[in-house]
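Asker: Turn this into a structure:
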Amino acid sequence: MSSKRNLVFGSDHAGLALKGVLKARAEELGFTLVDLGTHDSASTDYPDWAHQVAARVAAGDEWGVLVCGTGIGVCITANRHPGVRAALCGDVFSAKMTRAHNDANVLCLGARVVGEGLALEIFDAFLAAEFEGGRHQRRIDKIDIGAS
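Answerer: Now for the predicted structure:
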């Protein structure tokens, strides 16, 4: 299990229920949680929550978890923040590899795309995987445009 123990959650209305399931699993695993919202089913805009989570991840020693209908919108939004490597995962292998090779720090999920059971498996794989470093670090260093 990862050495990072702080998770910051965000979702729009479409991701609210799945976010609750993931938060419960994170609590079972002993993570410290922050839920930035949304907190009810009223229609809301996914960028509002993705920007808040990404800003926290970029500023500190936290990972983010974002959920919207497809996961696409929150992923695109989060990746606009320097230092954030958000990954949209729809399978367990991708969740493991995005941590191992990309050192992803934000997991994005689509509540209308993956079911609860698969989402939990993806979440567990993301949290359990460790970054391998080495040649992968060199590649990560090249991600930000303008980086040396």
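Asker: Tell me where the model's unsure across the protein.
Answerer: Residues of the chain meeting the criterion pLDDT under 70: 1-4, 145-148.
Asker: In it, what residue spans correspond to helices?
Answerer: Using DSSP state H, the helices of the chain run over residues 16-28, 46-59, 72-78, 92-102, 116-128, 135-141.
Asker: Which strands and helices lie in contact with the second one?
Answerer: Going back to what we said before, that points to helix 46-59. If you count contacts as 3 or more Cβ pairs under 8 Å, 6 or more residues apart in numbering; DSSP states H and E, helix 46-59 packs onto strand 6-11, strand 63-68, helix 72-78, strand 106-110. Any C-beta I mention is one placed from the backbone N, CA and C, and that applies to glycine too.
Asker: sorry, back to before: let me have the helices of the chain in a markdown table, extended by distance to Leu109.
Answerer: Listed next are those as a markdown table, based on distance: least, Cβ to Cβ, whole Å:
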| stretch | distance to Leu109 |
| --- | --- |
| helix 16-28 | 7 |
| helix 46-59 | 12 |
| helix 72-78 | 9 |
| helix 92-102 | 9 |
| helix 116-128 | 6 |
| helix 135-141 | 22 |
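Asker: can you put the helices and strands packed on helix 46-59 in CSV and add mean neighbour count and distance to Phe131?
Answerer: Output for these, formatted as CSV (neighbours: other Cβ atoms under 10 Å; distance: least, Cβ to Cβ, whole Å):
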stretch, mean neighbour count, distance to Phe131
strand 6-11, 24, 17
strand 63-68, 29, 12
helix 72-78, 23, 18
strand 106-110, 27, 14
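Asker: what's the closest of the ones you listed to Thr44?
Answerer: strand 6-11 (8.8 Å; Cβ to Cβ).
Asker: partners of the residue nearest the centre of the chain in the sheet?
Answerer: Central residue of the chain (Cα atoms, centre = their mean): Leu107, 2.0 Å from the mean position. Beta-bridge pairing for Leu107 (DSSP bridges): Val65, Ala87.
Asker: need the contact list for it.
Answerer: By Cβ atoms under 8 Å, 6 or more residues apart in numbering, Leu107 lies in contact with Trp63, Gly64, Val65, Leu66, Ala86, Ala87, Cys89, Ala95, Ile122, Phe123, Phe126.
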